[in-house]
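Engineer: Need a 3D model of the sequence below.
(chains A, B, C and D)
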4 protein chains.
Amino acid sequence: MKLVRFGVSLPQELMKKFDRLVKRKRYPNRSEAIRDLIRRELVHEEIASDKNVAGVLSLLYDHHKSAIAEKLTALQHDHHQSIISNTHVHLDHDNCLEVILLHGRAKDIKKFADGIISIKGVKHGGLHLTSAGAGLD
Amino acid sequence: MKLVRFGVSLPQELMKKFDRLVKRKRYPNRSEAIRDLIRRELVHEEIASDKNVAGVLSLLYDHHKSAIAEKLTALQHDHHQSIISNTHVHLDHDNCLEVILLHGRAKDIKKFADGIISIKGVKHGGLHLTSAGAGLD
Amino acid sequence: MKLVRFGVSLPQELMKKFDRLVKRKRYPNRSEAIRDLIRRELVHEEIASDKNVAGVLSLLYDHHKSAIAEKLTALQHDHHQSIISNTHVHLDHDNCLEVILLHGRAKDIKKFADGIISIKGVKHGGLHLTSAGAGLD
Amino acid sequence: MKLVRFGVSLPQELMKKFDRLVKRKRYPNRSEAIRDLIRRELVHEEIASDKNVAGVLSLLYDHHKSAIAEKLTALQHDHHQSIISNTHVHLDHDNCLEVILLHGRAKDIKKFADGIISIKGVKHGGLHLTSAGAGLD
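Structural biologist: Residues are numbered from 1 along each chain as shown, chains lettered A, B, ... in the order given. A predicted model of the protein is given here:
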């Protein structure tokens, strides 16, 4: 992969603040911080344009409630082609954290997430979308 | 104000995508796009750390409802030292858009906004916080 | 406008936490807090579906820089049919806060905002979209 | 767990829109939709107040780059007491999705996430914070 370079000019005071940010966020150098800011912006656009993306759906629920584990399993099998894997954590006696890894079009993943989050017994759900990776080097 | 320069290295493919972003968002050049990404990140941190910021509170309400205009006015006079100005727009026969410009500590502005948004009759409210400006050149 | 009622059942502990939230956010009663949560969700969907919305664009800039005031004025006149009004505040010797009120389709407003935020000299910009109001009573 | 009930009054038109939302999001009934809106608000406050929370950190990276896998592993061992588990997915020939489940104070989890996201080679990272569960039934 070929690297290309370009110059950026910043007012001195902004540069000082940027350098403190680079240090605070523990970036190895300015370039890596800049690349991260650029990629984050590109991923936002990718998601908004309904391309193929990867998704991470986090669910908090109480496994004692309303046959929820069976419902979650059934719904996941209905959408098995979108699901990569899932991980289950026993947070305490009652609470589970379940994380489902997904891939597909942004719109489909959002719809699936809506269907899961709305299940009675799911206390909190959150969907994080990210790029499926191509071209973000 | 003194300008300083530094070099950024990007993988070729990321550079191509970045250049398309610069064009799509109509930036005059790469440096201005980079400066914007950096300043946005700095403003996020400034707000999180409860410094002095400026705020724009947008309110949608129906002026026919529940003496809301008087309540809004009374509440604003109680906090007159935080309020810079407000602007009122008649969206249609019923709906008003009112925009209140604020300055002060992030926490105080948020608290004031909570108190306004919770008034019966306010249909939707949103607070945008920004830097009060110093050092973001 | 006719009011209709329905019953909501909550686990006791969640109700306690909700009541503390109602108090903390200074809602006059539970119904108003619930209405606010519902309307906020509806506005999110309205904006995502590119309907006619109202927008509040907040800009922070240094009026000494690069003929920015003329550029802002020119760009606004090019889009005068989308602009309701604007308000200008002198934050300090250098910094201005300008708030532009807009109406139109969500996509057009976003594109206009991108064009403004990318102008050299605009230090920070933020767009808050809200409903144009109909049916959110 | 004891259920308690209360009545909510909505203007008729808002009720219609709410009922369409309940259907679109596939909630079994209005109460479950209301509970979700309330819990989401409570989780936001919990996270803001730096309580003990659970976190899901999603990372996209190219495993060919810069010894990144070793760095990720080393950093995780340094913070093993905050990490519950991690899951790794091979998205394509180059790209990996790694999901790290965390628990601890919100501030510590955010700091750890900053340290990971800033590693050279991590293309995109996102942190989703959720409640550790107690009292959100």
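Engineer: The spatially closest residue to A:R105 that is not a sequence neighbour in helix, strand or coil?
Structural biologist: In space, and not counting its chain neighbours, A:R105 is closest to A:D50: 5.7 Å by Cβ to Cβ, 6 or more residues apart in numbering or on different chains. Backbone N, C-alpha and C define where each C-beta goes, glycine included. For A:D50, the assignment made with DSSP: H, G, I helix; E, B strand; the rest coil gives coil.
Engineer: Surely A:D50 is in contact with A:A106?
Structural biologist: Yes - counting by Cβ atoms under 8 Å, A:D50 does reach A:A106; the two are 4.7 Å apart.
Engineer: Who has more neighbours out of those two?
Structural biologist: Applying other Cβ atoms under 10 Å in any protein chain shown to A:D50 and A:A106 shows that A:A106 carries more neighbours, namely 18 against 13.
Engineer: Doesn't A:I84 belong to a strand?
Structural biologist: Yes - counting by three-state DSSP, A:I84 falls inside a strand.
Engineer: show me the contacts for it.
Structural biologist: A:A54, A:L101, A:L102, A:H103, D:V89, D:L97 (Cβ atoms under 8 Å, 6 or more residues apart in numbering or on different chains).
Engineer: ok, and the closest non-adjacent residue to the last one?
Structural biologist: Think D:L97. Nearest non-adjacent residue to D:L97 (Cβ to Cβ, 6+ apart): D:V89, at 4.3 Å.
Engineer: Pull up the pairing partners for the helix or strand containing the one you found, direction included.
Structural biologist: According to DSSP states H and E, D:V89 maps onto strand D:83-90. Within its sheet, strand D:83-90 is paired with strand D:95-105 (antiparallel), according to DSSP bridges.
Engineer: Could you point out the helix or strand that follows the helix or strand A:Y61 falls within?
Structural biologist: For A:Y61, the host element (DSSP H and E) is strand A:52-62. The helix or strand immediately downstream of strand A:52-62 is helix A:68-78, counting by DSSP H and E.
Engineer: Now do the same for that following helix: mean pLDDT, whole number.
Structural biologist: Averaging pLDDT along helix A:68-78 yields 84.
Engineer: Can it be said to contact chain C?
Structural biologist: No - Helix A:68-78 does not reach chain C (Cβ under 8 Å from any Cβ of the partner chain); its nearest approach is 14.7 Å.
Engineer: In that helix, which residues are buried?
Structural biologist: For helix A:68-78, a neighbour-count test (16 or more other Cβ atoms under 10 Å in any protein chain shown) marks A:I68, A:A69, A:K71, A:L72, A:Q76 as buried.
Engineer: Tell me what angle the host helix or strand of A:V43 forms with helix B:30-48.
Structural biologist: Secondary structure from DSSP H and E places A:V43 in helix A:30-48. Going by axes from the mean of the first three to the mean of the last three Cα atoms, to 10 degrees, helix A:30-48 is angled at 80 degrees with respect to helix B:30-48.
Engineer: Helix A:30-48 vs chain B: in contact?
Structural biologist: Yes - using Cβ under 8 Å from any Cβ, we find that helix A:30-48 touches chain B at A:R30, A:S31, A:I34, A:R35, A:L37, A:I38, A:R39, A:E41, A:L42, A:E45.
Engineer: burial measure for the second one, as a count.
Structural biologist: By other Cβ under 10 Å, 19 other residues sit near A:S31.
Engineer: Enumerate every residue touching it.
Structural biologist: Contacts for A:S31 (Cβ under 8 Å, 6+ apart) come out as B:G7, B:V8, B:S9, B:L10.
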